Each structure stands twice: as C-alpha cells, then as structure tokens.
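*Asks:* Got a predicted structure plus its sequence, pasted below:
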Amino acid sequence: MTATRAEPEKKGLSAAQVNDRVARNQTNAFRQNTSRSVWTIVRANVFTLFNGIIAACFLVLMFLGRWQDALFGLSALFNAVIGTVQEYRAKRALDRLALLNAPTARVLRDAVEHDIAVAGVVLDDILVIRAGDQISADARVLHSDGLELDESMLTGESDPVEKNTDDGVLSGSVVVAGEGMARVLQVGADSYANRIATEAKRFSLVSSELRSSIDRVLKWVAWLVGPLALIVLNAQMIAAGGWSVAVETGAWREAAVASIASVVATVPLGLVLMTSIAFAVGAVKLSRQQVLIQELPAVEGLARVDIICLDKTGTLTQGNIVFDAAHVVKDVPGWQHVLAWYGVQNDANATARSLAAEYSDIPAEDPSGRIAFSSARKWSSVTFGTDMWVLGGPEMVFPSEASDLHTKALELARTGRRTLVLAHGTPTSDESVPVDATPVALLTFRESVRADARQTLEYFAEQGVAVRVISGDNPQTVAAIARDVGLDAPHGFDARNLPEDQRELINVLEKNVVFGRVSPEQKKTIVVALQAAGRTVAMTGDGVNDALAIKEADIGIAMNSGAAATKAVARMILLDGKFSHLPVVVAEGRQVIANIERVSMLFLTKTAYAVVLALVFGVMFLPFPFLPRQLSMTDGLTIGIPAFFLALLPNAQRYVPGFLRRSLSFAVPSGVVVAAGLAVFARLAATAGIPEPEIRTGASLLLGVVGLWILAVLARPITWFKAALLAAMVGGLVVAYVLPLARDFLEFADLSRFTALLLAVVAAGAIVLVEVVRMFHQRFVVVDKAPGARDQNI
C-alpha cells in the first residue's frame, strides 16, 4: 500500500505525487488499436490470390499490346475499392470506441478541486463525485452522502445502487443521486469498463452465408486455375503446330491470349462485386429507415436469424422508472402534497423523481425534520408540523405485520411492479418508524415498456423466430415485463444457477424464455451455447454489459441511446431506438439473399462452362473459341449488366438455408450444357473447314443466345421490367454483331449459311436441355418452408 493512502483524505494527492504516478505510467490514459491496420485492410482486399491472377493476366495482355482484351481488370479494381472502403469504415467505427462519455473528471489535489481530462486521472487520486457525473476509474468510496449509482450499463441491473463508505464503484457507472468522494484503485486498461472494451474491440467480420459460400467457390476455383491454364496453353500451342513452331512463328501470342481468356472466364469476380453492391444499396435504404448498418453483410444477417436474444433495460423497456398507481389504504389529508415534495428534491432518486409527473402541489411550509434514505433501513421520512411521513419498502416500514398490506404488495411485485408504502405517524426523537405509523397508500412503479416491442415480437413469432430475454435484473421482474409484451414467460430463471456444462446449458435455454441476474460474461456464454446448438443468433442491447454478447452474436443490434462501446461493436444500430424497424431489416435481408442467389446462378454457370470448356478444348487440342474481349462482351450482356438490376429488384422470398447447394445444383449442369454445345459447335465447324475467326464469331453468338435464355429462365416470373431488360440485352447482342465499329473491335466475321444453321440447331438443343435442368432443379432442389416452420426449440 502506498504512503499516499495515509494522507489526509481532505487534501488528496500533491503535485509531486501526481507527477510520480505519471512517470510510472499509472494514469487513466487508455488506447487500444484495432487488430487490423489500414495496411492490413488494403493488403486483405487488394493483394489477394485472384487479384494477383487477374493483374498478371492484365499485364501480359498489355505487354502483348492487346489492351482491348484487358477490360476484365475494371471489375477486379472496383471490387477491391469497395471491399477496402467498407472494412476501413468498420475499423473507424471500432477506433471510435469511447466507453466513457464524461469528458472530464473532478479530483481533489492539494486540498483543491480540479476538473481534469479523464485520461489525467492517476492511481490513488481522490474523485469528487456528484449527481450526473460518470465514474472515470474504478475506485473505493471514502465518503458518501446519499450516493446512488446507476450501473445498468455495466451490470444490466436497472435499480440504482446505494454506495456507502468502503464500497467499490466501477468506471462507466453514473451517479444518479447524492454525492461523495472515492479513491482510485484501478486506472487505464486495468479498469472494469476498459477490460470489457478490450474484449469487445477485437476485430471480426459478421457471419455471412453469402460471403462464406462465395469464398468457398473462389477457393475451389483457385485450385483449378493453374492446371486449366496449362492445359489450354498446351492445347493452343499444339493446335498452332507444336511448341517449337508456335514460338518460331509468333503464334504463341495468340495461344497466350486464349489461355488468359480461359483463366479469366473461370473467376466469378463479378459475383463478389454484385454482392458488395447489393449489400451497399441495402444499407443505404435501411439508413433512410433510421437503421445504421455498420458492416455490409449484416444486411442479410437478420433474415437468417432463427433466435433473438433481448436485453430488458433499454430494449423491451425505455430504461426509465414511471409512476404506476397509488393504492389508498387510509386517506389521511395531505399525503398527495408529501409525494409532490419527494418528487422535486435535489437528492431524489429515479423512483422518487417519477412522482413529480403525477403530484405537483408542493406543501407551502418547509419541513421541520427529515431522515435521509439509507440502504440499511430502506426508508426515508419527512416531518411537517405534527405529521411524520415515512416512504419506503413495505416489509421495512412494517416489518412485523402479516397484513393485507403485505399480501397486496406481494401480488403487485409478482406483476413486475415495484412497491413503496407511504405511512403516517407521530414524529419520533430518533431515526425510527413511529410506533403509531399507519399505511396511507401503497405506491407502485414500473419500467416504461417500449410501445413497439409487442408488435415486433409478434412479427418474429409469426416468422418462427424464437425469443430469449436475458437481463441483469430480477428474474421475476423481467418475466412480468416479458408477459406484458406478449411472451409466454410464466417465470424467470436465475442465471446464478446456470450450469457450466454447455450441453446442460443448452437444455436450460431450451426450456426457459426469461433469464435474470445474468452477468456480461454469461450473456456471451449463452450466445455461444445457442450457436453451438446450431442456431443463428441475434442479440440486442444498449449497455456495456451487452457488448461482449453483441460482438459474439451472428447479428448484434444496439440502440442509439446505448453505450458507445456497445454501438461500436454492433453490426447495426437502431438510430431512433424503435424495434418496429426490425421487420424492415428482415425484408431487406431477404431481398438481398434471394436476389444474390439468383445472380449467383448466372455467375457460377459461367464458371462451370469455363472450366468444362478448358478441359474439353485442352483434351481435344482445339483452338479456344473466344478472344478475352468477346468473352467480356457476352459476360456483360448475359451476366454483368442484367445481374446489376436483378440484384436490386424487390424480392420477398423466405430465407431457406443451403444457398450454395441450390446455386451449384443449377449452375453446374447448366454450365455443362453450355460447354457441350460450344464444343459440338466448334468441332463440327472445324471439321467443315470453317475459318477460325468465323468459329469465334459463331461461338460468341451461341454463348450469347444460350446465356440470354438462362437469364430469362432465372428471371422468372417475367415482369414488364424484366422483359424490357431482356429485350435490351438481346438488342445489345444484335448491335454487337451488326454495328461495324463493334464488329471491328470484337473481330467478328460474317457467318456462312452452314455456320448459321449449325448455330441455330446447337442453340435450340442447348435451350431444351437448360429447360430440363431448370425443371429438375425446381422439383427436386428448391424447397420452401411455410411461415413459422422453424422449430422454436433449440
């Protein structure tokens, strides 16, 4: 123990002692960097394997003087920019993590009070704390004058906590009544609030089925790119007369271009871009609904959630105490004036202040006596003339009576209401309840329930989303409020009795809806257990005590009125605190998921036929039937441009797990059909002696026709907008073939009658097979659940 602790408490630290602690780095300064620097973010989004492949292909084409075939580089550039900007925004949100809202702290030094920056507080400083202050460091109370703290942001307990001499106070708590002095015990990273901040601030990306599925496809493609490129290059060199001849004649240049075309075609870079754009547009739309999306994939998150965990204070309730009713026992004149007096006192706590809204007629005379509230006796009193009025807990004011008063108070408490009794008697000479005290009125108080909580919970119930309420408050109080908002919660489970074994915990979570006395660490444990049970979990809250659970959940939702730490780690923030926005978020998430699933089938079909084409043409030693620029044209008309519009159209389709399986079950067979059609066309055309430029032209048109048919199949049901989009794409294909400028750029040739007839026959056959694939896909793969089909149990 330092010598300072023996110093007179009325003086505080001296300037020399402060300087000594600053030199030893015993200050309240606290700064933690996120785990991802700007360079790390740039590296993760720019220096990827696929960007490296695309960049290498781009540079080779530029070296060969074929800039016309290097247009695919723009897609990779846009994707890298969008990804970098979004993750940088996430980093900035985490860097702004500011747990302490109070900009200054009040300390006693050299017997003089000073207002200093929170970071300037040092170990053993004496804090001077008053109503409205936020505690800036963990400390021990030296002196208390009716000191009460709101620790709900830290513990979840909504009742103000009275603090007496030698009690501990935690950084981040707020003084709601009284005043006092406290000696600092923990500063900086060692304080309770900053320890939570350290845990919560670790960087992580929101779980996204779309993103993880796409990443999986990219990994598969990564393993195929190298071997496919070598297979195609070897085939092109042999088709040019062999490696030695190709090198001598310069035909290797065309072989390299063809190999690059095959490699670029296998990479679904546009799918990543379309997904990012869909997320971004969804986030902008939700911001107009007062919902701030802090990480783009969170747009899809709430649509996948099948269980939502709610904190009570600030989520189901407004977080404030309101006067409920006065149940008169004995009508003694003047009792309303006494309640009005209690409601306007400077040291009144939140419960007493709520009386002012109902009672405003304050007594004209000043009180002749007063006994302040204390946690030991749980009551206070005021005397006007010959009347002494006592306000406190029924069991403390009348401890020995087993009367109707206690029975009534117990019944009201079971409904979630807090009860106080106002009693009247003859003034006493000591701090005791008058022996002739009689109950005048039983007062009830309640937490203000959010008006939109019930309708939002009803919506989730209709959608088959289970609800668990986890709070730091009394279990039975929380259960009563849960019943008020329509939940089936006959009782609350005390979290102090939660089992440590995860399987047993999952069983308890399955059987109970409401949990009280839950610590911040237990909230996180509950979320982890639900995830281990296979659930997709959303967590809402506003206090620091919710931060760890919100960060761990698949989707964390914070109220804008909540703590800065909680908002910084949440995936989305309800700016106006209205629960009623969540159904809108679900609808937007469903639109994104359904549309990206549709668009992914387009892109993955392209990847499938590109892989099959590379293998078939490599094995058959046929010249690759496309230039990169021709593939860029067909990609743009059949996939890129229409995908942009399809990804943003309204779509209310219910979310069903299995996005990647459904996409691949259509894309792979469709891709095989396209590749087979192109291989048949190229083989028959080559056998008939058709020149290579004409074969490339016919193959490009064939790919365009079949690709547009696949687009039409996936766009069903066809609306007027989709019909116009399809017509525009068909028109684009016609213009590309007819317009001289486009023909020259794309190196298109006129088609002979044989080539045109062959193209028509092969296209017709491919279209029929695509329809067969779609029929089987719809009948055996696409499964939809009826509303509410999800199991409410874990």
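*Replies:* Happy to help now that I have it. This structure is a prediction, so every number in the text was calculated from the model and none was measured.

*Asks:* Run through the neighbouring helices and strands of the helix or strand containing Ala756.
*Replies:* Applying DSSP states H and E as the criterion places Ala756 in helix 753-780. Under the contact criterion of 3 or more Cβ pairs under 8 Å, 6 or more residues apart in numbering; DSSP states H and E, the helices and strands touching helix 753-780 comprise helix 659-687, helix 692-714. For glycine as for every other residue, the C-beta is placed from the backbone atoms N, C-alpha and C.

*Asks:* looking at the protein, which helix or strand is least sure?
*Replies:* Sorted by mean pLDDT, DSSP states H and E, the helices and strands of the chain end with helix 152-155, the least confident at a mean of 62.

*Asks:* What pairs with the helix or strand that that helix is followed by, parallel or antiparallel?
*Replies:* Tracing the chain past helix 152-155, the next element assigned as helix or strand by DSSP H and E is strand 161-162. Within its sheet, and counting by DSSP bridges, strand 161-162 is paired with strand 138-150 (antiparallel).

*Asks:* number of nearby residues for Gly732?
*Replies:* By other Cβ atoms under 10 Å, the residues close to Gly732 number 18.

*Asks:* mind checking which helix or strand Arg446 is in?
*Replies:* Element membership for Arg446, per DSSP H and E: strand 438-449.

*Asks:* So what's the gap between that strand and the chain middle?
*Replies:* For strand 438-449, the distance from its own C-alpha centre to the chain's C-alpha centre is 39 Å (Cα atoms, centre = their mean, to the nearest Å).

*Asks:* One more: stretch 239-253?
*Replies:* Here the centre of mass of C-alpha atoms in stretch 239-253, compared against the chain's by Cα atoms, centre = their mean, lies 56 Å away.

*Asks:* now the strand holding Arg446: mean pLDDT?
*Replies:* On average, the pLDDT along strand 438-449 is 89.

*Asks:* Next: stretch 275-286.
*Replies:* 75.

*Asks:* What residues of stretch 362-375 count as buried?
*Replies:* Residues of stretch 362-375 classed as buried: 371, 373 (neighbour count, 16 or more other Cβ atoms under 10 Å).

*Asks:* what sits up against that stretch?
*Replies:* Counting contacts by Cβ atoms under 8 Å, 6 or more residues apart in numbering, the residues outside stretch 362-375 that touch it are 146, 162, 164, 334, 337-338, 340-341, 344, 347, 349, 379-385, 388, 392, 427, 431.

*Asks:* buried set for the longest helix belonging to the chain?
*Replies:* For the chain, the helix with the greatest residue count under DSSP state H is helix 582-620. Within helix 582-620, the residues that qualify as buried by neighbour count (16+ other Cβ under 10 Å) are 582-618.

*Asks:* Over to stretch 308-315?
*Replies:* Of the residues in stretch 308-315, those buried under the neighbour-count criterion (16+ other Cβ under 10 Å) are 308-315.

*Asks:* isn't Ala352 right up against Trp341?
*Replies:* No: applying Cβ atoms under 8 Å as the test, Ala352 and Trp341 come out as separate, 9.8 Å apart.

*Asks:* any idea how far the most centrally placed residue in the chain lies from Lys551?
*Replies:* For the chain, the residue lying nearest the average C-alpha position, counting by Cα atoms, centre = their mean, turns out to be Arg571 (2.3 Å). As for Arg571, its distance to Lys551 is 9 Å (criterion: Cβ to Cβ, to the nearest Å).

*Asks:* same thing with Ala256?
*Replies:* Following Cβ to Cβ, the distance that separates Ala256 from Lys551 is 49 Å.

*Asks:* Next: Arg140.
*Replies:* 30 Å.

*Asks:* So which of these two has more stuff around it?
*Replies:* Applying other Cβ under 10 Å to Arg140 and Lys551 shows that Lys551 carries more neighbours, namely 22 against 14.

*Asks:* So that one, which state does it fall into?
*Replies:* Remark: Lys551 carries the secondary structure label helix [criterion: DSSP: H, G, I helix; E, B strand; the rest coil].

*Asks:* wait, it sits on Val569?
*Replies:* Yes: under the criterion of Cβ under 8 Å, Lys551 lies in contact with Val569, with a separation of 4.3 Å.

*Asks:* Now stretch 76-92: average pLDDT?
*Replies:* In this model, stretch 76-92 has a mean pLDDT of 69.

*Asks:* Okay then, goodbye and thanks.
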